[in-house]
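generate coordinates for the sequence data below:
(one chain, ligands or ions: 1)
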Amino acid sequence: MAGTEGNGAPRTFGTSVACMDGRIQEPLRAWMAERFGLTYVDVVTQPGMDGVLAGSTSLGDAELARKMAGISIRAHGSKTVVVSGHHDCAGNPVSRERHVEDIKKAVDAAKSWDGMDGVRVMGVWVNGDWQVEQVT
Ligand SMILES: [Zn+2]
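Predicted coordinates:
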């Protein structure tokens, strides 16, 4: 559901499903805006989000994350969900290799949510230089 601003330009939403870490929010927003041509990026956060959705940490609330993403998808018409894990994560303090496994599981979990028809789900890793690398 792409709406328009007063000048008629399309505006589109995406959804970042990410850790709460402040270091990754702007890199993710900028990467998603550029990659998918998005105007706005809604942000759904839990500590160690990749581990939360993968079921490997109980610090966060996977059900709440699902509900929050659902609002972005239904109310804002987001068709793009990016699930991420990142370097030096306090919420999911595991190796990069383990993060990549968790990100893949988290993407599968997000794809299984209700109402995801027509919504693309991508997994990414935010590295130690705070750059975004595509995982799935
Ligand atoms: Zn983190």
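
show me what from the chain comes close to the ion.
Neighbours of the ion within the chain, by CB under 5 Å from the ion: Cys19, Asp21, Cys89, Gly91. The C-beta positions use only the backbone N, C-alpha and C, and glycine is treated the same way.

and which of those residues is nearest Pro10?
Cys19 (29.7 Å; CB to CB).

identify the residues contacting the closest residue to the closest one other than its chain neighbours.
Using CB to CB, 6 or more residues apart in numbering and skipping the chain neighbours, the partner closest in space to Cys19 is Met49 (4.9 Å). Taking CB atoms under 8 Å, 6 or more residues apart in numbering, we find Met49 in contact with Val17, Ala18, Cys19, Met20, Gly60, Ala65, Val83, Ser84, Gly85, Gly91, Asn92, Ala106.

Arg29 contacts Ala18, correct?
No: counting by CB atoms under 8 Å, Arg29 does not reach Ala18; the two are 9.8 Å apart.

name the residues contacting each of these two.
Joint contacts of Arg29 and Ala18 (CB under 8 Å, 6+ apart) are Val43.
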